[in-house]
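1. Predicted model and sequence below, questions to follow.
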Amino acid sequence: MPEDLFPETASAERAQWLRQQLHHHAHRYYTLDEPEIPDAEYDLLFAELQALERAHPELSSPDSPTRRVGAAPLAEFASVRHAVPMLSIRTETDTLASGAENFDQRVRRELDLGPSDPPIAYVAELKFDGLAMNLRYEHGVLVQAATRGDGEVGEEVTQNIRTIRQIPLRLVPLSPQPGAPAPLAIPAVLEVRGEVYMRRDDFEALNDSQREKIAKGVKGEKTFVNPRNAAAGAVRQLDPAIAARRPLSFFAYGLGDVSDLVGPAPQTHYEWLMQLKAWGFPVAAQTRVVQGAAELVAFHQQMGQERDQLPYDIDGVVYKVNRLALQKRLGFVTREPRWAVAHKYPAQEQLTTVQAIEVQVGRTGKLTPVAKLAPVFVGGVTVTNATLHNEDEARRKDVRVGDTVIVRRAGDVIPEVVSVVPDKRLAGALIFTMPRTCPVCGSDAVREEGEADYRCTGGLFCAAQRKEAILHYAHRRAVEVDGLGDKLVEQLVDAQIIRTLPDLYRLGLTSLAGLERMADKSAANLLLALEKSKQTTLARFVFGLGIRHVGEATAKALARHFGQLDRIMNATEAQLLEVADVGPVVAQSIRTFFDQPHNREVVEQLRACGVTWAEGEPAEKAPQPLSGKTLVITGTLPTLSRDEAKDKVEAAGGKVAGSVSKKTDYVVAGTEAGSKLTKAQELGVKVIDENELMELLNGGT
């Protein structure tokens with residue numbers, strides 16, 4: 001932007017005003033989550049300040065929002081001696097109440113309090129799994145940021161910390177509230193202690209970006225093990241521009257050096273936290289004042305339950321005596337404060353070794369590699385298995401038998417291998433390769449183009465898929481066996497009464513009588529339903545086979561096109577592609593399914609058991625009455641059920657949609673038609689009744 005756009009007389013005032021506005025709106029957006037202006041307007045203010053500072057370098061200042069984008073790379077980090085040491089606090093680790101109760105008992109004992117004395121007020125906080133940081137402000141301006149280091153000396157990372165949007169670069173004095181005491185003035189020196197961390201969603205997005213770079217062959221890139229490592233790595237980048245691209249956040253939880261404080265100082269730790277919040281620092285919303293051991297225990301348990309729902313990682317909670325005078329009385333022991341303790345949860349990550357890699361087959365045929373581990377206690381339970389998800393993931397992490405690995409478990413999430421410790425790998429460890437046949441039934445295992453998972457193709461034969469195959473076959477839109485639900489199928493399969501689909505039609509009263517909650521009448525009803533299911537349609541039978549990617553509409557299209565099952569079973573991929581609803585992926589899936597001898601054998605056995613349907617010649621290629629038309633059915637029709645009407649529409653070449661849009665050709669409305677009818681009227685879509693539908697099906701217009 002040209003320099004002459006900024007007259008010198010106005011530039012300084014304009015720069016100051018822009019900085020104030022940008023600080024204000026950044027605080028509203030990043031800390032309070034209550035933005036007042038659109039992003040585009042903020043960007044305009046930011047761009048103006050950048051241009052003004054380029055035109056007048058003398059106006060640039062350490063607290064300028066433009067400093068957040070990163071400065072020149074550093075050769076190394078300077079050392080910083082902390083004015084007030086950043087001491088560690090004592091740690092309790094258990095899942096019980098004892099950690100909180102022991103701390104309360106110690107504090108009461110040190111303060112000579114008896115059973116009749118009132119409970120002590122504590123501040124209960126979250127223990128963030130990040131990187132401790134000391135922020136030094138002089139006259140309200142951030143001048144230095146330093147890591148904990150050894151507690152006495154840390155590393156200066158000011159340039160990188162300036163890139164964190166939640167950290168104010170300049171503190172803004174509060175405006176007095178009517179009737180309220182005068183607000184505390186910003187001291188000459190203020191050191192704020194807190195945690196730099198990375199949100200889980202930001203961490204996932206960062207790793208997704210890293211994986212894209214790796215896939216493109218960018219050298220030197222890698223994924224990160226966990227949010228804490230990613231945050232620590234970003235803070236310790238020598239190039240602040242790289243740090244600026246890493247999504248970091250911050251929570252304040254305490255103080256370091258404070259000098260030249262004007263006005264009545266806060267008397268409690270919680271009052272100080274609220275003062276920091278008023279000056280623009282983010283403080284975790286879960287922070288609260290509690291009374292005595294019982295409420296400490298309740299806080300620990302509640303945060304343990306909510307831990308996995310938080311948007312960031314914590315590894316415990318922290319208890320601090322609230323009153324500063326009591327903190328002073330309690331003092332320190334071996335450089336640990338007597339007035340605070342960290343009550344940690346069981347570790348969610350641990351080291352163990354991979355004893356084997358097995359491949360499990362799921363209910364739908366998905367093959368999943370699973371690491372069999374030396375038992376390790378992690379996340380509150382003993383873990384012996386951890387998922388590797390799929391072959392690509394196992395290869396990306398390069399997990400091999402004998403490896404020492406980091407295992408993670410969070411809440412009820414299935415344990416997973418996070419990463420390998422390469423230095424501990426045994427010589428000759430073999431790269432994992434997914435088997436090309438199903439480890440359960442021996443059928444081919446295939447991986448379709450564009451998918452990450454291998455799947456077993458023996459769906460009708462594979463024992464691992466047995467329950468899913470039976471339930472799908474018995475579905476009301478497939479062959480339909482009334483009364484054959486999840487629990488009954490589970491009993492039949494677990495008792496090994498049914499091993500394959502044809503066994504359904506070999507059931508008798510004797511085999512059913514021994515099942516839980518199966519009375520004679522229920523058994524007789526099931527046998528009647530099985531007998532009735534033998535009379536079906538070709539489309540229902542094909543859908544009931546559970547061929548991958550072959551849904552109800554595709555099964556109907558196949559039945560209309562070929563007319564006979566044998567023609568479908570023997571069709572080439574090229575012939576299958578002639579069907580309107582079949583693309584390359586579906587054609588390949590159908591061909592792969594019927595290429596498995598096991599699947600053909602089950603089909604022939606079902607036929608031998610009496611399952612039958614009407615077959616005919618292939619459908620004529622002439623246009624169908626509703627070809628290319630989209631209909632929506634709503635309300636109750638006089639003679640047709642919703643499913644019957646849908647079948648007729650699809651048989652005539654039409655498509656039945658679930659919602660009304662401008663692309664809908666007709667809405668078939670019965671009694672008690674609701675919002676869909678209203679939507680059709682609003683959009684001007686033609687509304688017809690059942691009689692008019694029948695006319696369309698017969699070739700009318």
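-> Great, that's in hand. Not measured: the values here are computed from a predicted model.
2. Tell me, what's the model's pLDDT at the spatially most central residue of the chain?
-> In the chain, the residue lying closest to the centroid (C-alpha atoms, centre = their mean) is Asp201, at 7.7 Å. Predicted confidence (pLDDT) for Asp201: 91.
3. Then the one 10 residues further on?
-> The per-residue pLDDT reported for Arg211 equals 82.
4. Just list what the helix or strand harbouring it packs against, helices and strands only.
-> Remark: Arg211 resides in helix 200-215, with elements defined by DSSP states H and E. Judged by 3 or more C-beta pairs under 8 Å, 6 or more residues apart in numbering; DSSP states H and E, helix 200-215 is in contact with helix 227-235. In short, each C-beta sits where N, CA and C put it, glycine included.
5. Give the buried residues for the helix or strand following the helix it packs on.
-> Per DSSP H and E, the first helix or strand lying C-terminal to helix 227-235 is helix 240-244. By neighbour count on 16 or more other C-beta atoms under 10 Å, the buried set for helix 240-244 is Pro240, Ala243, Ala244.
6. got it, and stretch 378-391?
-> Val378, Gly379, Val383, Ala386, Thr387, Leu388, His389, Asn390, Glu391.
7. Also stretch 662-682?
-> Buried residues in stretch 662-682, defined by neighbour count with 16+ other C-beta under 10 Å: Thr664, Asp665, Tyr666, Val667, Val668, Ala669, Gly670, Ala673, Lys676, Leu677, Lys679, Ala680.
8. Quick one: neighbours of Cys37, just the number.
-> Quick fix: residue 37 reads Ile, not Cys. Under the neighbour criterion other C-beta atoms under 10 Å, Ile37 is assigned a count of 14.
9. Let me know whether it touches His25 as I believe.
-> Yes - using C-beta atoms under 8 Å, Ile37 is in contact with His25, at 5.9 Å.
10. Count the neighbours of the residue nearest to Phe224 when sequence neighbours are not counted for me.
-> Among residues not flanking Phe224 along the chain, Ala230 sits closest, at 3.9 Å (C-beta to C-beta, 6 or more residues apart in numbering). With neighbours defined by other C-beta under 10 Å, the count for Ala230 comes to 22.
11. Please enumerate the helices of the stretch 501-650 of the chain.
-> 509-513, 520-533, 538-544, 552-562, 565-570, 573-576, 584-594, 597-608, 642-651 (DSSP state H, counting those that start in this stretch).
12. gap between stretch 110-117 and the chain center?
-> Chain-centre distance of stretch 110-117: 47 Å, with C-alpha atoms, centre = their mean, to the nearest Å.
13. any idea of the mean pLDDT for that stretch?
-> 93.
14. how long is it end to end?
-> 13 Å (C-alpha to C-alpha, to the nearest Å).
15. close enough to count as contact, Arg136 and Val189?
-> Yes - assessed by C-beta under 8 Å, Arg136 is found in contact with Val189 at 7.2 Å.
16. Pull up the overlap in contacts between these two.
-> Common contacts of Arg136 and Val189, defined by C-beta atoms under 8 Å, 6 or more residues apart in numbering, comprise Asp257.
17. roughly how far apart are Leu512 and Gly379?
-> 43 Å (C-beta to C-beta, to the nearest Å).
18. repeat for Val687
-> According to C-beta to C-beta, Val687 and Gly379 sit 57 Å apart.
19. Same check on Pro85?
-> Computed as C-beta to C-beta, the Pro85 to Gly379 distance reads 33 Å.
20. again, but for Pro247
-> Distance from Pro247 to Gly379, by C-beta to C-beta: 25 Å.
21. before we move on, the earlier item: can I get the helices of the stretch 501-650 of the chain in CSV including mean neighbour count, distance to Arg165 and mean pLDDT?
-> Shown next, in CSV, are those (neighbours: other C-beta atoms under 10 Å; distance: least, C-beta to C-beta, whole Å; pLDDT from 0 to 100):
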stretch, mean neighbour count, distance to Arg165, mean pLDDT
helix 509-513, 13, 66, 84
helix 520-533, 15, 63, 92
helix 538-544, 23, 53, 95
helix 552-562, 22, 49, 90
helix 565-570, 16, 60, 96
helix 573-576, 15, 54, 94
helix 584-594, 19, 44, 92
helix 597-608, 16, 57, 94
helix 642-651, 18, 53, 84
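22. possible to save those as CSV with distance to Tyr319?
-> Putting the helices of the stretch 501-650 of the chain into CSV (distance: least, C-beta to C-beta, whole Å) gives the following:
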stretch, distance to Tyr319
helix 509-513, 60
helix 520-533, 58
helix 538-544, 60
helix 552-562, 59
helix 565-570, 69
helix 573-576, 67
helix 584-594, 57
helix 597-608, 62
helix 642-651, 60
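23. Which of these sits closest to Pro422?
-> helix 584-594 (38.1 Å; C-beta to C-beta).
24. Any idea how many residues pack against the nearest residue to Tyr42 once chain neighbours are set aside?
-> Among residues not flanking Tyr42 along the chain, His25 sits closest, at 5.5 Å (C-beta to C-beta, 6+ apart). For His25, the neighbour count with other C-beta under 10 Å is 19.
25. ok, the closest residue in space to Gly674 that isn't next to it in sequence - contacts?
-> Distances taken as C-beta to C-beta, 6+ apart place Thr634 nearest to Gly674, at 6.8 Å, with adjacent residues excluded. Thr634 sits next to Val667, Val668, Ala669, Gly670, Ala673, Gly674, Lys676, Leu677 when contact means C-beta under 8 Å, 6+ apart.
26. do you know how far the fifth one is from Lys648?
-> Distance, Ala673 to Lys648, using C-beta to C-beta: 18 Å.
27. in the stretch 1-150 of the chain, which spans are strands?
-> 79-81, 90-93, 121-128, 131-138, 141-147 (DSSP state E, counting those that start in this stretch).
28. oh sorry, the question was meant for the stretch 301-450 of the chain
-> Applying DSSP E, counting those that start in this stretch to the stretch 301-450 of the chain gives strands spanning 314-321, 332-333, 336-337, 340-344, 349-361, 366-378, 381-387, 404-408, 416-420, 445-446.
29. Looking at the ones you listed, which is nearest to Leu528?
-> Nearest of those to Leu528, taken as C-beta to C-beta: strand 349-361 at 33.9 Å.
30. Which strands or helices does that closest one pack on?
-> Packed next to strand 349-361, using 3+ C-beta pairs under 8 Å, 6+ apart, are strand 366-378, strand 404-408.
31. Between all of the buried residues of stretch 378-391, which two are at the greatest distance?
-> Farthest-apart pair in those is Gly379 and Glu391; separation 25.9 Å (C-beta to C-beta).
32. And for Ala478, the neighbour number?
-> Using other C-beta under 10 Å, Ala478 has 22 neighbouring residues.
33. Quick check, it in contact with Gly544.
-> Yes - Ala478 is in contact with Gly544 according to C-beta under 8 Å; the separation is 3.5 Å.
34. Report the set of residues contacting both of those two.
-> His472.
35. Can you give the contact residues for stretch 490-507?
-> With C-beta under 8 Å, 6+ apart, stretch 490-507 has contacts from 460-461, 463, 466-467, 469-470, 473-474, 481, 484, 489, 511, 514-516, 526-527, 530, 534, 602, 605-606, 608-611.
36. I'd like the average pLDDT over that stretch.
-> Per-residue scores along stretch 490-507 average to 91.
37. gap between the residue nearest to Tyr42 and Gly220?
-> 36 Å.
38. same thing with Thr353?
-> As judged by C-beta to C-beta, Thr353 and Gly220 stand 29 Å apart.
39. Among those two, which residue is more densely surrounded?
-> Thr353 (16 against 6).
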